[in-house]
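[1] Sequence first, predicted model second:
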Amino acid sequence: MTPDRLITLLHRHWAQTLAELDADARARLLRLVTALGDAVGRGPTLRAVRDVGRMLNRLPDHHPVAVALNDTVRYAGPDTGRDTVVDRARLVDLLGLLAGPPPTAEEVLDTTRQRLLRAPARGADAAPGAVTDAAADDLIRLHHPELGSRYPEFQFTPGTDEPRPVVREVNRLLLAGEDPWGAADWWLGDNEWLDGAPAALLDVVPDDLVLAAARALVEED
């Protein structure tokens with residue numbers, strides 16, 4: 001795993017990561033992330049990345065960072081020199097968060113919802129027919145405190161108001177009407193089966209594979 005990829009994962013799931021760690025583990029992670037920020041050169045940087053990765057492998061199996069790091073041998077393979085670039089500005093942010101108290105469950109949930117609301121979305125007025133015709137579980141509807149109902153853009157066939165058939169089918173599996181935030185997090189978060197965010201892989205991987213990944217989640221539950 002490259003430094004930039006690791007830092008992106010940490011930033012995206014930082015609140016959830018801290019919530020899983022006790023005080024000792026947080027202190028150790030602080031030291032390891034500091035070492036990553038101080039590392040100079042390809043070898044020391046990649047070693048620092050692997051040290052942070054080993055630490056995060058202690059997270060529960062379902063944790064999104066743990067899922068991405070669950071194969072340390074694969075991620076420890078050769079990298080090109082350009083992959084050793086470290087986004088030190090992001091690391092400074094992470095170090096500041098590590099020094100504070102662990103987030104509450106409410107703060108973790110709020111962080112997740114803010115991330116999901118930043119994804120491109122449209123209001124009900126932008127696709128009135130599709131929204132009216134859709135069943136409760138067909139489309140994800142998120143509530144924005146200022147903009148009201150928001151429908152994540154990935155749900156629609158580009159250039160149209162028509163919901164993608166595979167999205168409607170997956171949303172029904174995920175019970176999007178009952179848990180729209182959970183369904184949106186599945187679509188917009190990293191997925192082990194697909195090696196990426198399902199929403200970003202629409203039209204890239206076969207619809208059957210996206211559907212299989214969703215069914216695997218439901219069957220696990």
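    Noted; the coordinates are in hand.
[2] Please make it C-alpha for all contacts and neighbour counts, starting now.
    OK.
[3] Show me what counts as buried in stretch 129-136.
    Judged by neighbour count using 16 or more other CA atoms under 10 Å, the buried positions of stretch 129-136 are 130, 131, 136.
[4] In JSON lines, list these along with distance to residue 39 and pLDDT.
    Shown next, in JSON lines, are the buried residues of stretch 129-136 (distance: CA to CA, whole Å; pLDDT from 0 to 100):
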{"residue": "130", "distance to residue 39": "52", "pLDDT": "70"}
{"residue": "131", "distance to residue 39": "51", "pLDDT": "73"}
{"residue": "136", "distance to residue 39": "51", "pLDDT": "71"}
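[5] Now for this structure, the helix or strand with the poorest mean pLDDT.
    helix 72-75 (a mean of 36; mean pLDDT, DSSP states H and E).
[6] ok, now how distant is residue 150 from residue 36?
    Taking CA to CA, to the nearest Å as the measure, residue 150 falls 39 Å from residue 36.
[7] Pick out whichever of these two has more residues nearby.
    Ranked by neighbour count (other CA atoms under 10 Å), residue 150 and residue 36 place residue 36 first, with 24 against 19.
[8] does the more buried one count as helix, strand or coil?
    helix (DSSP: H, G, I helix; E, B strand; the rest coil).
[9] From residue 59, how far out is it?
    19 Å.
[10] again with residue 143
    From residue 143 to residue 59 the distance is 30 Å (CA to CA).
[11] quick one, which of the two is more surrounded?
    The residue with more neighbours, out of residue 143 and residue 59, is residue 59; 19 against 14, by other CA under 10 Å.
[12] sec struct for that one, please.
    coil.
[13] State the pLDDT value of the nearest residue to residue 154 once chain neighbours are set aside.
    Excluding the flanking residues, the one nearest residue 154 by CA to CA, 6 or more residues apart in numbering is residue 199, at 5.9 Å. Looking at residue 199, its pLDDT is 93.
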